[in-house]
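*Asks:* sharing a model prediction with you, sequence too.
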Amino acid sequence: MRFMFIVKSAHPAPPTPELMQAMHKLADREIKAGRMLDSGGLMPLATGAQVRITDGQLSVVDGPFVEAKEVIGGYAIFELQSKEEAVAAVTEFMQLHKDFAPGWEGTCEIRAFAQTGP
Amino acid sequence: MTAADTHRAILAVWRIEQPRLITSLARMLRDVPLAEDLTQEALVAALERWPATGVPEKPGAWLMATAKHRALDHLRRRRMLERKHELVAWDMEAEQQAMPDPDAALDDDIGDELLRLIFTACHPRLSREARVALALRMICGLTTEEIARAFLLPDATIAQRIVRAKRTLSESGLAYETPSGEELSERLASVLEVVYLIFNEGYTAARGQDWLRPQLCNEALRMGRALTAIAPYEPEAYGLLALMELNASRTAARTDAVGEPILMLDQDRALWDQLQIRRGMQALGRARELGGAGGFYALQAAVIACHAQARTAGDTDWSRIAGLYAELAAVVRSPVIELNRAVAVGMAEGPEVALVIVDRLAREPALKGYHLLPSVRGDLLHKLGRYEEARAAFEAAAVLAGNRREHNLLRRRAAEAAEAAMS
């Protein structure tokens, strides 16, 4: 099963060097284990844009966005056997935040890819 | 959480931690099969303990500490035995050094140990079946029951294969060694063969009733990705990975709603997995950069890449595919490759030219009884308007086809040819 992990946080600060290092090691291990297919960090929301449809009207809105609470900071795509494995993998990832970025709060969402085809 | 949920959660943690546990223990004990036994004991301990206590905050560290305790006990027992026999005095310090802080485990680079693990599990001294079972157990962390289900075999058969294979390794003094130099490429071929066997076992199962069979494809892909990550200068490892990623990219498009196979040229290309195609192309590119464009796996991957890159079936570069098969035939002389080349030539230059190749192959003893030979021949004859001969070829192919679904497909084609012959 393929999963996307989406990290969301209201924490504006960039990750601490310790957290960066720990995440890098974990990513290295997961690549070597053949489980991680892809990953990426995203630039701050303020530098992005949104294309919306409201009341049937299309509009393009540039950042910053005042109403945003938890913002997506990055994602990873994993190939795993089960949702339980996904939970275990993400728990380990979030534990790193607990250990190396005290005070950080956020969510890592686990979403299975929809099965394509029949 | 129900007991079954906890059990699944524990197995999930186990699968994630298992390679690191087994490689750390192998380094301590200098014995891969023994390390595998003791990590299994750590799993059993977790299965006994965690349902009551809950999964600990750092389950990996818990498993590592437990496994290392077992290993330490084992070393102590061995030391006592050795003292008894006055053979070797064990150095306490060596033991201390072999016991790094479990919390620092994330710092360990397991690459070399993982490579050793893979090479041990896939040792050419072992039978193919034993290598496959051992690899799935030691590298992928599958249980004996899971492997048995995936291969549609009784548990006892797999258990016995694993026990025998481990005994063979221990008794031949192959429990802890990494090949180097010239031996490496020979041994790598044995590893790649095992990975490809596992992949094909899952791939031919397509969408079986039991999800574990297709799951074998993912296990093989994982091993392939791991191999290229820890042995990044081996072109054929990239070639095989490319071949597997590119083939797996078509999984969703390969069968219809009732599970009947859809031929590649008839598949809905929108269902092909673009992430996997991209990864496959990257791996193929790397194989070529490393000078491995002409390798056995890289050439096959290049053929699939031609399909993956064609927007529609009509855009397929068949003359390139025919050329790649000609190269492949020079690497391994095989009538099956020649038959594949005939198909590509038929698409590139027309059925007449291809029929000459196919008729030459009809004399090959190795293809006697191979249903794809009359099947390809029937297709070419049909395209040439020789419907009566086409019908006979498809019927002959249907008799030889072992798979019910293929049999039905060929019967259908024979009927179509018969109808065309009448009109």
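*Replies:* Alright, I've got the coordinates. Numbers count the residues shown, from 1 in each chain, chains lettered A, B, ... in the order given.
*Asks:* where do the helices sit along the stretch 251-400 of chain B?
*Replies:* Secondary structure of the stretch 251-400 of chain B by DSSP state H, counting those that start in this stretch: the helices cover B:274-289, B:296-309, B:318-331, B:335-349, B:351-361, B:372-383, B:387-400.
*Asks:* which residues are in contact with the fourth one?
*Replies:* Counting by Cβ atoms under 8 Å, 6 or more residues apart in numbering or on different chains, the neighbours of helix B:335-349 from elsewhere in the structure are B:303, B:316, B:318-319, B:321-322, B:325-326, B:328-329, B:353-355, B:357-358, B:361, B:364, B:366-367, B:370, B:372-373, B:376, B:379-380, B:383. Placement of C-beta: from N, CA and C, glycine included.
*Asks:* near chain B at all, the top helix by length along chain A?
*Replies:* Assignment by DSSP state H gives helix A:83-100 as the longest helix of chain A. Yes - judged by Cβ under 8 Å from any Cβ of the partner chain, helix A:83-100 comes into contact with chain B at A:Glu84, A:Glu85, A:Val87, A:Ala88, A:Ala89, A:Glu92, A:Gln95.
*Asks:* which SSE is immediately downstream of that helix?
*Replies:* Using DSSP states H and E, the helix or strand that directly follows helix A:83-100 along the chain is strand A:106-112.
*Asks:* hmm, back to that, nearest to A:Ala22, of the residues of helix A:83-100 next to chain B?
*Replies:* A:Gln95 (9.4 Å; Cβ to Cβ).
*Asks:* which residue packs closest to the closest one, ignoring adjacent ones?
*Replies:* Take A:Gln95 and drop its neighbours on the chain: the residue closest to it by Cβ to Cβ, 6 or more residues apart in numbering or on different chains is B:Lys58, 6.6 Å away.
*Asks:* distance of that neighbour relative to A:Lys98?
*Replies:* Distance, B:Lys58 to A:Lys98, using Cβ to Cβ, to the nearest Å: 10 Å.
*Asks:* likewise B:Val345?
*Replies:* 62 Å.
*Asks:* could you export the residues of helix A:83-100 next to chain B as JSON lines, including pLDDT?
*Replies:* Formatted as JSON lines, these follow (pLDDT from 0 to 100):
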{"residue": "A:Glu84", "pLDDT": "92"}
{"residue": "A:Glu85", "pLDDT": "92"}
{"residue": "A:Val87", "pLDDT": "94"}
{"residue": "A:Ala88", "pLDDT": "93"}
{"residue": "A:Ala89", "pLDDT": "93"}
{"residue": "A:Glu92", "pLDDT": "92"}
{"residue": "A:Gln95", "pLDDT": "94"}
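*Asks:* if you rank these by neighbours, which is first?
*Replies:* Taking other Cβ atoms under 10 Å in any protein chain shown as the neighbour criterion, A:Ala89 ranks highest of the residues of helix A:83-100 next to chain B with 26 neighbours.
*Asks:* thinking that one is in contact with A:Glu79, fair?
*Replies:* No - the pair A:Ala89 / A:Glu79 is not scored as a contact, 10.9 Å apart, by Cβ atoms under 8 Å.
*Asks:* okay, and the common contacts of those two?
*Replies:* Both A:Ala89 and A:Glu79 are in contact with A:Arg35, where contact means Cβ under 8 Å, 6+ apart.
*Asks:* tell me which stretches of chain A form helices.
*Replies:* Using DSSP H, helices in chain A cover A:17-32, A:83-100.
*Asks:* got those as a markdown table, with distance to B:Leu38 columns?
*Replies:* Formatted as a markdown table, those follow (distance: least, Cβ to Cβ, whole Å):
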| stretch | distance to B:Leu38 |
| --- | --- |
| helix A:17-32 | 21 |
| helix A:83-100 | 21 |
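*Asks:* of B:Lys58 and A:Lys98, which one has the most company?
*Replies:* Remark: of B:Lys58 and A:Lys98, B:Lys58 carries more neighbours, 17 against 10, as counted by other Cβ under 10 Å.
*Asks:* pull up the gap between that one and B:Ala71, please.
*Replies:* On the measure of Cβ to Cβ, B:Lys58 and B:Ala71 end up 19 Å apart.
*Asks:* kindly report the same for B:Tyr233.
*Replies:* Note on B:Tyr233: its distance to B:Ala71, by Cβ to Cβ, is 32 Å.
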